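Engineer: pasted the sequence and its predicted model underneath.
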Amino acid sequence: MSHPVSYYKDTVFMEVTMTATTLVNFRLDQETKRSMEGICRDLGMSMTTAFTLFAKKVDRERRIPFDVSLDGTAAPAAGQPVTIAANHADPAVIVEDVVRIFGEGAAERRALDGASLTVRRGEFVAIMGASGSGKSTLLHILGGVDAATSGRVVVDGMDLSTLGSDALALYRRHTVGLVYQFHNLVPFLSARDNIELPVRFDGSRPDSATVSELLELLDIADCEKSMPSELSGGQQQRVAIARALVSRPAVVLADEPTGSLDRANGEKVVELLGRAREHFGTTIVLVTHDEDVAHAADRIVRISDGRVINEEE
């Protein structure tokens, strides 16, 4: 399985059929393209699909008919979101003897080496470990953006090893929400439009009440029309969290979400993640280096050399 981020980089200039898409593609500067790669990773989309979304906006303004397929599948009719069947039996996350190997022969490196973990539905778990311990690799596997070499990973009742590429794309859009250290917001869309992106990717109309509820819950209702450049780092991260929650995922995966924030904003973000967990019943798995952030969780899981070595309630 090729690494998805590398795949997106390789397909930045992939040929597309719509003229407007091509124009959007070539007009984006390098900084925006890097942001787009992060957005695609968050939403489980290819770069081409992302460009078609923005081209669709351009075409709509020009009143040009536009029809696009998402990740090679037929685009759903407006108002009819794509769904994926899920087993809602507890627990939310099961990781059994997972191994992830990068490289071969003398260059082989075991990022995970028999890691096992169970997360209860609605639980807030913090994962800690030194750099290179395997914590982010584990999160990427749970997010469906990487795959285990061996072992079993079950999220919301779905065994990820049994999902094909289309099912994995749906899984990333609906079952998990991803939050990263860097916010990966589209720089030329408002806060509200950024939050609505996952829904629009499905060809559906965002539920205004749901988006407004998230804006209020995360204390960003007063800046819904603001562009990312007009927001503080803490506000941008709250927008990213709202975007991760807008599809009501079973699990939110947060990789160092406070890493680029000062302490006050970091504490606020963790508080708001907890608030969202209580409000929606969402399971949260958070990777952090910060002991204070970790102690806000229900349980701390420590990883070393690719193995879970300790768990603290």
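Structural biologist: Perfect, thanks for sending it.

Engineer: and after the helix or strand hosting residue 168, which helix or strand comes next?
Structural biologist: Per DSSP states H and E: residue 168 is located in helix 165-174. Downstream of helix 165-174, the next assigned helix or strand under DSSP H and E is strand 176-180.

Engineer: that next one to helix 165-174, inter-axis angle?
Structural biologist: Interaxial angle of strand 176-180 relative to helix 165-174 (axes from the mean of the first three to the mean of the last three Cα atoms, to 10 degrees): 70 degrees.

Engineer: okay, buried residues for stretch 139-154 please.
Structural biologist: Across stretch 139-154, burial judged by 16 or more other Cβ atoms under 10 Å covers 139-146, 148, 151, 153-154. (Glycine included, C-beta is placed from N, CA and C.)

Engineer: can you redo these as a markdown table with pLDDT and distance to residue 176?
Structural biologist: Output for these, formatted as a markdown table (pLDDT from 0 to 100; distance: Cβ to Cβ, whole Å):
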| residue | pLDDT | distance to residue 176 |
| --- | --- | --- |
| 139 | 91 | 10 |
| 140 | 91 | 11 |
| 141 | 92 | 11 |
| 142 | 94 | 7 |
| 143 | 90 | 5 |
| 144 | 89 | 7 |
| 145 | 86 | 10 |
| 146 | 89 | 13 |
| 148 | 93 | 15 |
| 151 | 94 | 18 |
| 153 | 94 | 12 |
| 154 | 94 | 13 |
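
Engineer: what's opposite the spatially most central residue of the chain in the beta bridge?
Structural biologist: When Cα atoms, centre = their mean is applied to the chain, the residue found nearest the centroid is residue 178 (2.2 Å). Residue 178 has these beta-bridge partners by DSSP bridges: residue 253.

Engineer: surely it touches residue 244?
Structural biologist: Yes. When contacts are counted by Cβ atoms under 8 Å, residue 178 is listed as touching residue 244 (6.0 Å).

Engineer: quick check: what element follows the longest helix along the chain along the chain?
Structural biologist: For the chain, the helix with the greatest residue count under DSSP state H is helix 263-280. Moving toward the C-terminus from helix 263-280, the next helix or strand (DSSP H and E) is strand 283-287.

Engineer: neighbouring strands - and their directions - for that following strand?
Structural biologist: strand 124-128 (parallel), strand 251-255 (parallel).

Engineer: list the buried residues in the next helix or strand after it.
Structural biologist: Next in sequence after strand 283-287, counting helices and strands by DSSP H and E, comes helix 291-294. Neighbour-count burial for helix 291-294, counted by 16+ other Cβ under 10 Å, picks out 293-294.

Engineer: against which helices or strands is helix 291-294 packed?
Structural biologist: Helix 291-294 sits against strand 124-128, helix 263-280, with contacts defined as 3 or more Cβ pairs under 8 Å, 6 or more residues apart in numbering; DSSP states H and E.

Engineer: and the ones you listed, which is most packed in?
Structural biologist: The highest mean neighbour count among these belongs to strand 124-128 (a mean of 23), with neighbours defined as mean count of other Cβ atoms under 10 Å.
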